[in-house]
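[1] attaching a predicted model along with its sequence, questions to come.
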Amino acid sequence: MRNRTWLVLALALVVGALALGGCTTKIVTAPSGAAINTVTATGEGKAVAAPDQADMNFGITTQGTDAKKTLDDAARKADAIIAALKKAGVAKEDLQTSGVNVYPQQDYSSGKTPRITGYQASVQVRATIKDMAKIGDVINAGTGAGANEVSGPAFTLSDQAASRTDAIDKAIADAKSRAEVMAKAAGKSVGDVLGISETGVSVPPIMYGAVKTAADAAGSVPIETGTLDVTANVTVVFELK
């Protein structure tokens, strides 16, 4: 009776320790008490896709002695840029004001208290171009309307689903191939998939350098869209037979 009491107390202490430590346990059993053998492998898959849209940023910067008038001046010029982009074929829903800023310009001459000498205002407009053949025309339209800061294009995919699926399929096949190599080295073979997790899918845009001034963008702008690499990474646990 005393031994049974001590056994109950010991079990209670173990359960209490697990609860306090936030631990969880998972018991996995195999048929007939056989040990479960597994092999875990990571895989990477890559799908190549042609981008079908491009993002551009057009900015205007103005200077003046009055903050409000300087910003109003920048806003008027931004409106002109937006009108030009629409005329060049960019839809209204694909245009977005991405930044409005006003900064004081100060004189920090040695030995003097800093004083405001004027203001600098800027407005940024982001455009998503869905007709790839018009990218050069859109850039020329924006700079022609007064944009003195231009960056892009950043090529992206409007729908990534098909490319993501293709990349994941290839990543799983890669993981299985690696698992088979490890299993063969151990004198085993790969069985069913016991667990699988996606560790990341990336679709980095193709970035081009900024066109800093209207003069830099004058004339026809040659654009090569290239391709995008959609990369997927997975971890797969296989049964080892």
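    On my side now, so go ahead.
[2] what helix or strand does the residue nearest to residue 146 when sequence neighbours are not counted sit in?
    In this structure, residue 146 finds its nearest non-sequential neighbour in residue 77, 4.8 Å apart by C-beta to C-beta, 6 or more residues apart in numbering. Using the backbone N, CA and C atoms, a C-beta is placed for each residue, glycine as well. Using DSSP states H and E, residue 77 falls within helix 67-87.
[3] name the residues of that helix that come out as buried.
    Residues 67, 70-71, 73-75, 77-78, 80-82, 84-85 are the ones in helix 67-87 that count as buried (16 or more other C-beta atoms under 10 Å).
[4] tabulate those residues (CSV), appending distance to residue 240 and pLDDT.
    CSV is the format used below for those (distance: C-beta to C-beta, whole Å; pLDDT from 0 to 100):
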residue, distance to residue 240, pLDDT
67, 71, 95
70, 71, 96
71, 68, 96
73, 71, 96
74, 66, 96
75, 67, 96
77, 67, 97
78, 63, 96
80, 68, 97
81, 62, 97
82, 62, 97
84, 64, 97
85, 59, 97
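[5] residue contacts, the closest residue in space to residue 70 that isn't next to it in sequence?
    Take residue 70 and drop its neighbours on the chain: the residue closest to it by C-beta to C-beta, 6+ apart is residue 64, 3.5 Å away. Residues counted as contacts of residue 64 (C-beta atoms under 8 Å, 6 or more residues apart in numbering) are 70, 73, 118-119, 121.
[6] for the chain, longest helix please?
    Secondary structure of the chain read by DSSP state H shows that its longest helix is helix 161-185.
[7] helix or strand right after that one?
    Later in the chain than helix 161-185, the nearest helix or strand by DSSP H and E is strand 190-202.
[8] contacts for that next one?
    Under the criterion C-beta under 8 Å, 6+ apart, residues 38-39, 42, 164, 167-168, 172, 176, 179-180, 183, 230-241 lie in contact with strand 190-202.
[9] pop the domain breakdown of this structure in here.
    Listed by automatic domain parsing, the domain ranges of the chain are 2-49+161-203+233-240, 56-155.
[10] tell me the buried residues in the longest helix of the chain?
    For helix 161-185, by 16+ other C-beta under 10 Å, it's 163-164, 166-168, 170-172, 174-176, 178-180, 183.
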